[in-house]
Every structure is written in C-alpha cells, then in structure tokens.
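Chemist: quick one, fold the following:
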Amino acid sequence: MNTLPVLGIDIAKAKFDVELHHASKIYRKTFTNDTAGFAAVRQWLAQQQASQAHVCLESTGSYWKDLALALHEAHHIVSVVNPAQIKHFGQSELKRTKNDVADAALLARFCESQHLEIRELRDLVRRLDDLNQMLNQEENRLGQNVTSQNVRESLETIIAMLKSQIREVKHQIHNHIQNHPGLRKQAE
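Modeler: The predicted structure follows:
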C-alpha cells in the first residue's frame, strides 16, 4: 500500500523543527521561520521524494499561518490541530520529553494515527455504500414481477444477507468512531 508521507512540524517564532515519516524512514531537520525556510522545506521534501505530504502542525500563536499557507500552496495536505489534542495524545503515549524535536515527532505520530483512523473509516463507509447499492439493485429486481419461485427465493435470500451485512458494517463504523477519540469528537 502506498501511503502518503507524514510531516510533523513544531513551530516557533524564529525556526521550525520537522520530522518526516516516509518509506519506513524518519528524517529530521530545522528551518528558519521565514520565506527562505518555507522554500527550503519544500525543496527538502522534494529531495526526500515527498512531493506531497500530510503536514501536521499546532495552531500556536500566529507563527504557523504563513508556513501552513506556503505548504498548502505547494499541494501538501495541511492539518492545523488544537494544541490540547497533541498534549492529550502525548499523555496517552506517556511521553515526558518536551522539546521542539520531540514535539515535531509527536505531531508526526499524531498525524499518522489520524491518517490510519480516517483511512479505515473511509474504507468502511465505501463498503456500506457498495452494499446499499447492491441492496437497491436486488430489491429492484424483486419488484420486476419475478415469476420464477426459485429466482424470487434467491433474491429474497440475497436481500436478507445484504441487510445483515449493512447492519454489521454500520456497527463496525459506530465502533470505529467510538474507539478513536478524534473521530468521536468530530462525529459529536
């Protein structure tokens, strides 16, 4: 499976630290928080074969805005997250180290965890859509004055099975959302 590279960024007034997770490797670097640093991080990402990455940074003060815009304009997916989410995520990992490099790493891991959670949810929702479409098709066939008892019984069996599968996938979606605090909060 080809997954999108993930870039965690811890930003301050004068500089920002990054941690890139890509192709089972981790890369770290520090850049200046100015237009030259924005260009340098884009070039560095290209050198790492990460022409598009999922970027995750905290909404700390106003330092993040120009960088987020520059990365978005370079066609990266940018997620600006609440610092409280990152704090709680770090606590859930029992992390005590608090420095810029460690924070960039934490942001990258948070982004990866959210990315995987959303991908699983997306797959479940797509499956639900497919099952609903199949159910609609079979119900339409049943409504077309089927004269053969064997065909009618087959359609009714398939419809019952599809309804059961739809209930099961809805249950899986509900459980997935409930088991992931970030998704649960968005659902609420």
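Chemist: so for the longest helix along the chain, mean pLDDT?
Modeler: Longest among the helix segments of the chain by residue count, using DSSP state H, is helix 100-142. Summarised as a single mean, pLDDT over helix 100-142 is 87.
Chemist: which helices and strands sit right next to that helix?
Modeler: strand 6-11, strand 15-22, strand 25-32, strand 54-58, strand 77-81, helix 83-92, helix 149-178, helix 181-187 (3 or more C-beta pairs under 8 Å, 6 or more residues apart in numbering; DSSP states H and E). C-betas here are computed from N, CA, C, even on glycine.
Chemist: output the lowest mean pLDDT helix or strand found in this protein.
Modeler: Ranked by mean pLDDT, DSSP states H and E, the helix or strand of the chain with the weakest confidence is helix 181-187, at a mean of 71.
Chemist: which residues sit in contact with residue 100?
Modeler: When contacts are counted by C-beta atoms under 8 Å, 6 or more residues apart in numbering, residue 100 touches 10, 12, 15, 17, 30.
Chemist: could I get those residues in TSV, plus columns for neighbour count, pLDDT and distance to residue 167?
Modeler: TSV is the format used below for these (neighbours: other C-beta atoms under 10 Å; pLDDT from 0 to 100; distance: C-beta to C-beta, whole Å):
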residue	neighbour count	pLDDT	distance to residue 167
10	25	92	44
12	13	91	50
15	15	95	53
17	21	94	47
30	14	96	51
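Chemist: out of those, which is nearest to residue 136?
Modeler: Of all the contacts of residue 100, the one with the least separation from residue 136 (C-beta to C-beta) is residue 10, at 48.8 Å.
Chemist: how near is that closest one to residue 57?
Modeler: Look at residue 10 and residue 57: by C-beta to C-beta, to the nearest Å, they are 8 Å apart.
Chemist: now do the shared contacts for those two.
Modeler: 16, 107.
Chemist: any idea what residue 58 is bridged to?
Modeler: Beta-bridge pairing of residue 58 under DSSP bridges involves residue 81.
Chemist: residue 61: neighbour count?
Modeler: By other C-beta atoms under 10 Å, 10 other residues sit near residue 61.
Chemist: and the residue of the chain positioned farthest from its centre, what's its pLDDT?
Modeler: Distance from the C-alpha centroid of the chain, by C-alpha atoms, centre = their mean, peaks at residue 147 (48.7 Å). The score at residue 147 is 88. That number is its pLDDT.
Chemist: give me phi/psi at it?
Modeler: phi -90, psi -30 (degrees, to the nearest 10).
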